[in-house]
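fold the stuff below for me.
(4 chains)
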Number of protein chains: 2
Amino acid sequence: MKLLNRAGELLSNEGPSALSLRRLAADVNTSTTAVYSLFGGKPALLDALYDEGFRRFGERLAMVPETDDPVEDLIQIALTYRDSALQDRQFYVVMFSKVVPDFMPTTETYIAASGTFVPVVKTVQRAIDNGSFLPNEAPEVIGLALWSICHGLVSLEIYGILPPGLEIAPVFERAVRASADGWRTH
Amino acid sequence: MKLLNRAGELLSNEGPSALSLRRLAADVNTSTTAVYSLFGGKPALLDALYDEGFRRFGERLAMVPETDDPVEDLIQIALTYRDSALQDRQFYVVMFSKVVPDFMPTTETYIAASGTFVPVVKTVQRAIDNGSFLPNEAPEVIGLALWSICHGLVSLEIYGILPPGLEIAPVFERAVRASADGWRTH
DNA sequence: ATCGTATCGTAACAGTGTTATAAAACGAAA
DNA sequence: TTTCGTTTTATAACACTGTTACGATACGAT
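Next up is the predicted model:
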């Protein structure tokens, strides 16, 4: 599907505002109607990109190796989260920000995207079983907290609203480690 | 300025996509040109709303009383952060999300907005001086970490991409407390 | 009262997503 | 191979967006 590839390129190279149907159609030598017969419109095209973004994202997160230190595994997942987001930052804003007015993913696509979160919860569960993390805390809650600090820091970074003159990478790691420590058994 | 008031209403009630210049001008019985002579265009109008959003936001955060337990103060600031964001959620997405393509606040407006962050850092400093938080950690970093988990959770909540069937308020508080605990001296 | 600036209305321009209509391409059945 | 039916495509128009040139109006200070 040349259209989808080119849409991904346009999104990555020039951002969401360059992703107009006329521009896209002209780039692959067709007309805008193609988008409607093949996808169903611009929202559906965004849905496909949303899906693609989460596919890449989940692929990379799942690639983090599993060691016998689950808390350290979580840190590595977090670092991978940031790397992946920065690598596909234009996809990231489609996935996690309202970059296109009134765009919402299909519930089907949304459910598929939710799978990205599963390895995090599993690793948290291992940390609980391990005795590293507090028992009697729902692993989804801990996972969500760690996921959120990643999302919060990364989106602030991508939107350029972080204090300037800040070496972000070490700050990110430090923040994630502290956040994980908050769930540790003492 | 009736235009700005109506723009805020439109933004709050119907979201950013309802904020078109023609709609806005018609609602206050004028024409779109008024926006250009009074503000300078739609980006400048958004800039004014961005400013207004941060003004309200900062006002509420600064209203959190200062006790002799700075860590607890930080928790209260965090809870206020969420309350304020949910109260003005359409403003929040203008402030922290790319809801209008290629919109960026003026550096002047951005600097004013940055002031919102100051009370957080000050409270963190008090927690360090207090002996509650680890010394030799930059208060900006700790403040940023706490700010980020608030931002991460709240934006996930506002965008509706949180696991369904979740009582968010207690999860939010639990996550913030754990995140703060991560910076505590043991 | 007059001048100069600021504001406003009308209308047009370029761009967007979307859709009706008709032509073309393709695949399967006769 | 030929025919039929579905899918895909191209053209053009529609309604909408932000923006701007132009002219008229209103307002405030000299």
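
buried residues in stretch A:18-30?
By 16 or more other CB atoms under 10 Å in any protein chain shown, the buried positions in stretch A:18-30 come out as A:18-19, A:21, A:24-25. All C-beta spots, glycine's among them, are computed from the backbone N, C-alpha and C.

right, I mislabeled it, should have said stretch A:67-76
A:70-71, A:73-76.

filter those down to the ones in helices?
In helices, defined here by DSSP state H, the members of these are A:70-71, A:73-76.

now, which of those sits nearest DNA strand C?
Set against DNA strand C, the nearest of these by CB to the nearest atom of the strand is residue A:76 (38.3 Å).

about what we covered before: restrict the buried residues of stretch A:18-30 to contacts with DNA strand D.
Filtering those for proximity to DNA strand D by CB under 7 Å from any atom of the strand leaves residue A:25.

and the ones in helices among the buried residues of stretch A:67-76, which is closest to DNA strand D?
Nearest to DNA strand D among those: residue A:76, at 42.3 Å, using CB to the nearest atom of the strand.

wait, the closest one touches residue A:63, no?
No. Taking contacts as CB atoms under 8 Å, residue A:76 lies outside contact range of residue A:63: 10.2 Å.

redo the buried residues of stretch A:18-30 as TSV? Include secondary structure.
As requested, these are exported to TSV (DSSP: H, G, I helix; E, B strand; the rest coil):
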residue	secondary structure
A:18	helix
A:19	coil
A:21	helix
A:24	helix
A:25	helix
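
ramachandran coordinates for residue A:161?
Torsion angles at residue A:161 (phi, psi; degrees, to the nearest 10) stand at phi -110, psi 40.

so what's it up against?
Neighbour list for residue A:161: B:96, B:110 [criterion: CB atoms under 8 Å, 6 or more residues apart in numbering or on different chains].

read off the pLDDT value for it.
Residue A:161 carries a pLDDT value of 87.

again, but for residue A:101
So, for residue A:101, pLDDT stands at 73.

and it, what does it touch?
By CB under 8 Å, 6+ apart, residue A:101 lies in contact with B:15-17, B:99.

domain map for chain A?
Per automatic domain parsing, the structural domains of chain A span A:1-40, A:53-181.

DNA strand C is nearest to which of the ones you listed?
Closest among those, using CB to the nearest atom of the strand: domain A:1-40, at 3.2 Å.

quick one: is that closest one near DNA strand C?
Yes. Residues of domain A:1-40 are located near DNA strand C by CB under 7 Å from any atom of the strand, namely A:19-23, A:32-33, A:36.

emit the ChimeraX select command for whichever of the contacts of residue A:101 are buried.
A single ChimeraX command selects the buried members of those (16+ other CB under 10 Å):
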select /B:15,16,99
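
identify, from the contacts of residue A:101, the entry nearest to residue B:146.
Using CB to CB, residue B:99 comes nearest to residue B:146 of the contacts of residue A:101, at 24.6 Å.

so that closest one sits against residue B:93, correct?
Yes. Counting by CB under 8 Å, residue B:99 touches residue B:93, with 4.9 Å between them.

and for the two, which residues touch both?
With CB under 8 Å, 6+ apart, residue B:99 and residue B:93 have common neighbours A:98, B:16.

output the lowest mean pLDDT helix or strand found in chain A.
helix A:107-114 (a mean of 92; mean pLDDT, DSSP states H and E).

helix or strand right after that helix?
helix A:118-130 (DSSP states H and E).

from the contact counts, what lies against that following helix?
helix A:42-62, helix A:70-87, helix A:139-158 (3 or more CB pairs under 8 Å, 6 or more residues apart in numbering or on different chains; DSSP states H and E).

sorry, back to before: including distance to residue B:116, could the domains of chain A go into a markdown table?
Formatted as a markdown table, the domains of chain A follow (distance: least, CB to CB, whole Å):
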| stretch | distance to residue B:116 |
| --- | --- |
| domain A:1-40 | 27 |
| domain A:53-181 | 11 |
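
need the winner for burial among the ones you listed.
Of the domains of chain A, the one with the most neighbours on average (mean count of other CB atoms under 10 Å in any protein chain shown) is domain A:53-181, at a mean of 18.

now check that one, is it near DNA strand C?
No. For a cut-off given as CB under 7 Å from any atom of the strand, domain A:53-181 has no contacts with DNA strand C; the smallest distance is 8.4 Å.
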